[in-house]
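[1] Can you look at this prediction? I've put the sequence above it.
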Amino acid sequence: MWAAAVLTRTVHAASCTHSLCVYVLYWTSIPTYTEMSVVSFSPDDPVIRILLMGRCGSGKSSSGNTILGENLFKEHEAEVCEGQTQIGGKQVVVIDCPDLLDPDLNKEQLVSGCSAGLSSVLITVPLLEPVQNEKEILDYVKCSFGPEVQKYIMILFTHKDDLEDLNQTIDEHLQNHADFQQLVTACGGKFHCFNNKKKFEGQVQELLQKIEGTMEENGGEFKQMRKRHSMASIVNFL
């Protein structure tokens, strides 16, 4: 059962178009390298944190809306957006990342937004379209968060309704598409399918069960421990 979802936005400083901006000098922390660790998993943990990544038009934002049970995320969004809801007594946090080709994407901002930890990284892939830059997205995720994050990456195939129209199962479809098989293999065989035209709870509950299974298998959620050097920098605040 979904509860009311809440959306928050992280605005890129470079996108400030207001006539008045206040410049603030503050001490911030710039990471020099990243170390990976996990925290102990408990089935009673009330929070599941999901990072959604994928190319433009892959059904990424629609999948986030399916998980949240409301149309909060917009397509072609140039901001890192976060939505939250309650599902089955658990708080579910979904982070919708802009297209990696977006020149305004702030990598440091994205990594910082995930500092509370990640239960899963979902890479959205349309079922009836050829693989494009999904391998680059995988490399980007591992480069940003470190190789340990690979244990938490899952392929989320979208447009399952198109597959149903062809009277094909997902296993049959994967057998006929080696590029999809390679993506799934690169993610340890973890994948799920969404029909974003029919937002029924069953497919979301099944996804959350898979995510919790991955967390249990790996001893907890993924967390990043970063060593930093402080330096003064100037940022814009709207």
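    That came through, no problem. Numbering: from 1, shown residues only.
[2] can we go C-alpha only for contacts and neighbour counts from here?
    Noted.
[3] By mean pLDDT, which helix or strand of the chain comes out lowest?
    Sorting the helices and strands of the chain by mean pLDDT, DSSP states H and E puts strand 22-38 at the bottom, at a mean of 34.
[4] Going toward the C-terminus from it, what's the next helix or strand?
    Note on strand 22-38: by DSSP states H and E, the next helix or strand toward the C-terminus is strand 47-53.
[5] what packs against that following strand?
    Counting contacts by 3 or more Cα pairs under 8 Å, 6 or more residues apart in numbering; DSSP states H and E, strand 47-53 packs against helix 60-68, strand 90-96, strand 120-126.
[6] relative to strand 120-126, how tilted is the longest one?
    Translated: helix 60-68. Counting by axes from the mean of the first three to the mean of the last three Cα atoms, to 10 degrees, helix 60-68 lies at 130 degrees to strand 120-126.
[7] by contact count, what packs against helix 60-68?
    Applying 3+ Cα pairs under 8 Å, 6+ apart, we find helix 60-68 packed against strand 47-53, strand 80-87, strand 90-96.
[8] now those strands in a markdown table, with mean pLDDT?
    Listed next are the helices and strands packed on helix 60-68 as a markdown table, based on pLDDT from 0 to 100:
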| stretch | mean pLDDT |
| --- | --- |
| strand 47-53 | 93 |
| strand 80-87 | 90 |
| strand 90-96 | 92 |
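[9] Could I get the ones you listed in JSON lines, plus columns for mean neighbour count and distance to residue 196?
    As requested, those are exported to JSON lines (neighbours: other Cα atoms under 10 Å; distance: least, Cα to Cα, whole Å):
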{"stretch": "strand 47-53", "mean neighbour count": "22", "distance to residue 196": "15"}
{"stretch": "strand 80-87", "mean neighbour count": "21", "distance to residue 196": "17"}
{"stretch": "strand 90-96", "mean neighbour count": "22", "distance to residue 196": "16"}
